[in-house]
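**Q** The sequence isn't on hand, but the structure is:
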Ligand code: SF4
């Protein structure tokens, strides 16, 4: 004997009415083509991550094929966002693949009006030279009370939102070792 059919199920058998009752989201709303298509991320490697943009800390799933980023979606396993992402988080793939993203160091020298492209090694050397010079120029052996401090006020560090905890840990160690006292970050990931 088959399952008893209640009045609501009988109502659903009226042609077209089941679609209305599902508000366009039930199985009747899926076309044969949709059922054949499958998920667009099927077969891709999925890696769980955290959106770097704001302090909400939404979970993301990063989909890759052979190491190439294909898609980033909200992580349904995250208790914070339960699979959703705001427009900013949903566009975070562009952090990597935005066509206008700068991939070369650009430098505008003092008094210059044009940007110049530099090799990364040259830019790193220039930064290192400036760090050393600023450290020496701002060095304090003693404070105004005569206490030994051995510190520099020549530079400070302010971390960005997309730095993760591990990066900020290393930055804190580096700048403390160099004698800086103003070191802040906004670690989120
Ligand atoms: S998805 Fe939006 S709300 Fe969530 S962490 Fe990213 S920027 Fe913040």
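**A** In hand now; what should we look at? Note that the coordinates shown come from a computational prediction; the quantities given were computed from them, not determined experimentally.

**Q** Give me the buried positions along the helix or strand hosting residue 48.
**A** Using DSSP states H and E, residue 48 maps to strand 45-50. Residues of strand 45-50 classed as buried: residue 50 (neighbour count, 16 or more other Cβ atoms under 10 Å). No exception for glycine: its C-beta is placed from N, CA and C like everyone else's.

**Q** Just want the residue of this protein that's nearest the ligand.
**A** residue 89 (2.2 Å; Cβ to the nearest ligand atom).

**Q** Give me the neighbour count for the nearest residue to that residue once chain neighbours are set aside.
**A** Once flanking residues are discounted, residue 89 sits nearest to residue 51: 4.3 Å by Cβ to Cβ, 6 or more residues apart in numbering. Residues near residue 51, counting by other Cβ atoms under 10 Å, number 25.

**Q** dump the residue contacts of residue 51.
**A** Applying Cβ atoms under 8 Å, 6 or more residues apart in numbering, we find residue 51 in contact with 57, 58, 59, 60, 85, 89, 92, 189.

**Q** Can you classify the residue nearest to the spatial centre of the chain by secondary structure?
**A** The residue lying closest to the centre of the chain (Cα atoms, centre = their mean) is residue 52, at 3.1 Å. Of the three states, residue 52 takes coil under DSSP: H, G, I helix; E, B strand; the rest coil.

**Q** which residues touch residue 65?
**A** 43, 44, 45.

**Q** Distance check, the first one against residue 62.
**A** Noted for residue 43: a distance of 15 Å to residue 62, by Cβ to Cβ, to the nearest Å.

**Q** These two: which is more packed in?
**A** Remark: of residue 43 and residue 62, residue 62 carries more neighbours, 19 against 9, as counted by other Cβ under 10 Å.

**Q** Provide the strand pairings for the helix or strand that contains the more buried one, with the direction of each partner.
**A** Taking DSSP H and E as the criterion, residue 62 maps to strand 59-65. Paired with strand 59-65 in the same sheet, following DSSP bridges, are strand 45-50 (antiparallel), strand 68-74 (antiparallel).

**Q** what mean pLDDT does the first one have?
**A** Translated: strand 45-50. Strand 45-50 shows a mean pLDDT of 95.

**Q** For the residue nearest to the centre of the chain, which non-adjacent residue is spatially closest?
**A** residue 162 (4.2 Å).

**Q** what's the single longest helix in this protein?
**A** helix 120-137 (DSSP state H).

**Q** Flag every buried residue along it.
**A** Neighbour-count burial for helix 120-137, with 16+ other Cβ under 10 Å as criterion, is recorded at 131, 134, 135.

**Q** hang on, the earlier thing: export the strands paired with strand 59-65 to CSV and append columns for distance to the ligand.
**A** Formatted as CSV, the strands paired with strand 59-65 follow (distance: least, Cβ to the nearest ligand atom, whole Å):
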stretch, distance to the ligand
strand 45-50, 8
strand 68-74, 7
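
**Q** Any idea which of those strands gets closest to residue 153?
**A** strand 45-50 (34.5 Å; Cβ to Cβ).
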